[in-house]
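Engineer: sharing a sequence plus its predicted fold:
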Amino acid sequence: MRTYRLKRLRGILESADVGAAILFDPINVRYATGSRNMQVWTMHNACRYAFVSTSGPVVLFDYSRCEHLSEHLETIDEIRPATSWDFFAAGERSEEQAGRWADEVAALFTHQAGKRGRLAIDRMDILPFEALQRLGIPVVDAKPYLERARSIKSGEEINAIRDAVAAGEVAVGNMRKSMAPGRRESDMLAALSRENIAHGGEYMETRLLTSGPRTNPWLQETSDRVMEAGDFMTFDTDLIGRHGIFVDISRAWIVGDNKPTNEQRTIYGLAREQLEYNMALLRPGVSFREFSETAWKMPGIYVPNRYAELIHGAGLGVEYPVVYYLQDWEAAGYEGFFEENMVVCVESYIGAVGGREGVKLEQQVLITKSGIELLSHYPFEDDHW
């Protein structure tokens, strides 16, 4: 899996006339090398990065005295201590350290790429960018290359995703056992996080678990609200699970032993209908615009509270592509096609403006030659209402 990822990335970089890439995003570092170290912390501390040459070595620059963590990886040729210009680490010497960083990167790039190609970087602060500019290094955005590389999964990656989703669904099932009137939303979120880690997962990217009137509108974060019998409890897992894989499903449950109200049945049924309808449209070759145009038509009273998108990719996190509602196409939509071996998440949120509750449902699927393979199998409520 590591070898496939590195080879795929190198091929895409080379075809774009990119001689090498510098990766700071810890998820991109993990994709290219398989190396993980303080993944959340390094998202906001620029103290770890990787140099990926299209035809030369991969050099991991790691946090001081962390070399032993990645020595076993066949994807990494050399490990060096990272140079940080961040004010937290460098203080008043930030500009000096940014210059040192640029000198080292330029030497590597020139040695490996010579005068051919460009240097791609996925994210960068202003000081090191200016230092590279002074050295005359041509810099381009690496994100398009990384996102396109990550969007197509190998057979081993697909098996890892199946395993991660299965483990995540065990965590979801164990969380459900603790759901009861009188428990807080935060108790349930803590249970999901605990179960994810207990089953080989890593961390949670969001706090999207709410109940009762806090389910509408969506995207309210988990609170200490005490759940009541008959409430909907709705959640989006957003878990980084086993193998660093994103496990992304959404469900809505009735708290306690109450039967659903007519309103709850209605909004749940519509969310389920949207999900099934849109999944049936997926196959290789369908354009993003075509999908948006032919997607399930939401009843007007729910449109103002619609979710941000119809579909997004998934792998080591939320990934390319994102397909927007037709109403949002002019502002945000872009062209592209679904391809075999993409993994995507199909979204639905139904909640009327002024309604008491809303329902968030989501399925994770693999795009196959002829359609889709469901990756998430956790049951829905209306299967047994």
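Structural biologist: Great, that's in hand.
Engineer: worst mean pLDDT across the helices and strands of the chain, which element?
Structural biologist: helix 87-90 (a mean of 90; mean pLDDT, DSSP states H and E).
Engineer: show me the contact partners of the helix or strand following that helix.
Structural biologist: The helix or strand immediately downstream of helix 87-90 is helix 94-113, counting by DSSP states H and E. For helix 94-113, contacts defined as Cβ atoms under 8 Å, 6 or more residues apart in numbering pick out 19-20, 22, 51, 53-57, 59, 83-87, 89-90, 119, 125, 127-128, 130-132, 134-135, 137. Using the backbone N, CA and C atoms, a C-beta is placed for each residue, glycine as well.
Engineer: recalculate using a threshold of 7 Å.
Structural biologist: 19-20, 22, 51, 53, 56, 59, 83-85, 87, 90, 119, 127-128, 131-132, 135, 137 (Cβ atoms under 7 Å, 6 or more residues apart in numbering).
Engineer: cool, and stretch 374-385?
Structural biologist: 161-162, 165, 169, 172, 249, 251-254, 260, 268-269, 272, 343, 363-366.
Engineer: break the protein into its domains for me.
Structural biologist: With domains defined by automatic domain parsing, the chain comprises 2-151, 155-383.
Engineer: want to throw these into JSON lines with mean neighbour count?
Structural biologist: Formatted as JSON lines, those follow (neighbours: other Cβ atoms under 10 Å):
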{"stretch": "domain 2-151", "mean neighbour count": "18"}
{"stretch": "domain 155-383", "mean neighbour count": "18"}
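Engineer: find the residue ranges of the stretch 251-385 of the chain scoring beneath the pLDDT cut-off.
Structural biologist: For the stretch 251-385 of the chain, the stretches flagged by pLDDT under 70 are 383-384.
Engineer: where do the helices of it begin and end?
Structural biologist: 262-279, 288-294, 329-332 (DSSP state H, counting those that start in this stretch).
Engineer: need those in CSV with distance to Asn37, can you?
Structural biologist: CSV is the format used below for the helices of the stretch 251-385 of the chain (distance: least, Cβ to Cβ, whole Å):
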stretch, distance to Asn37
helix 262-279, 37
helix 288-294, 35
helix 329-332, 34
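Engineer: filter the contacts of stretch 374-385 down to just the ones in strands.
Structural biologist: 251-254, 343, 363-366 (DSSP state E).
Engineer: what about the residue lying closest to Tyr320 once chain neighbours are set aside, distance to Ile27?
Structural biologist: Leaving aside its chain neighbours, Tyr320 sits nearest to Glu147 (3.8 Å; criterion: Cβ to Cβ, 6 or more residues apart in numbering). Using Cβ to Cβ, to the nearest Å, we find Glu147 at a distance of 11 Å from Ile27.
Engineer: surely Tyr49 and Asp25 touch.
Structural biologist: No - contact between Tyr49 and Asp25 fails when scored by Cβ atoms under 7 Å: they sit 9.1 Å apart.
Engineer: if we can go back for a sec, double-check the residue nearest to Tyr320 against Gly317; I have them as touching.
Structural biologist: No - counting by Cβ under 7 Å, Glu147 does not reach Gly317; the two are 10.6 Å apart.
Engineer: what average pLDDT does stretch 29-41 get?
Structural biologist: The average of the pLDDT scores along stretch 29-41 is 96.
Engineer: how far does that stretch stretch from one end to the other?
Structural biologist: Distance between the two ends of stretch 29-41: 14 Å, counting by Cα to Cα, to the nearest Å.
Engineer: same check, this time on stretch 277-295
Structural biologist: 7 Å.
Engineer: what does that stretch contact?
Structural biologist: Residues contacting stretch 277-295 (Cβ under 7 Å, 6+ apart): 296, 310, 321, 323-326, 329, 333-340, 346, 363, 365, 367, 369-372.
Engineer: swap in 6 Å and give it another go.
Structural biologist: Outside stretch 277-295, the residues that touch it by Cβ atoms under 6 Å, 6 or more residues apart in numbering are 296, 310, 323, 326, 329, 336-340, 346, 367, 371-372.
Engineer: can you pull out the helices in the stretch 101-250 of the chain?
Structural biologist: So, for the stretch 101-250 of the chain - with DSSP H, counting those that start in this stretch - the helices run 126-134, 143-151, 155-177, 185-198.
Engineer: any chance of JSON lines for those, columns distance to Ser64 and mean pLDDT?
Structural biologist: Listed next are the helices of the stretch 101-250 of the chain as JSON lines, based on distance: least, Cβ to Cβ, whole Å; pLDDT from 0 to 100:
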{"stretch": "helix 126-134", "distance to Ser64": "18", "mean pLDDT": "96"}
{"stretch": "helix 143-151", "distance to Ser64": "26", "mean pLDDT": "98"}
{"stretch": "helix 155-177", "distance to Ser64": "31", "mean pLDDT": "98"}
{"stretch": "helix 185-198", "distance to Ser64": "27", "mean pLDDT": "98"}
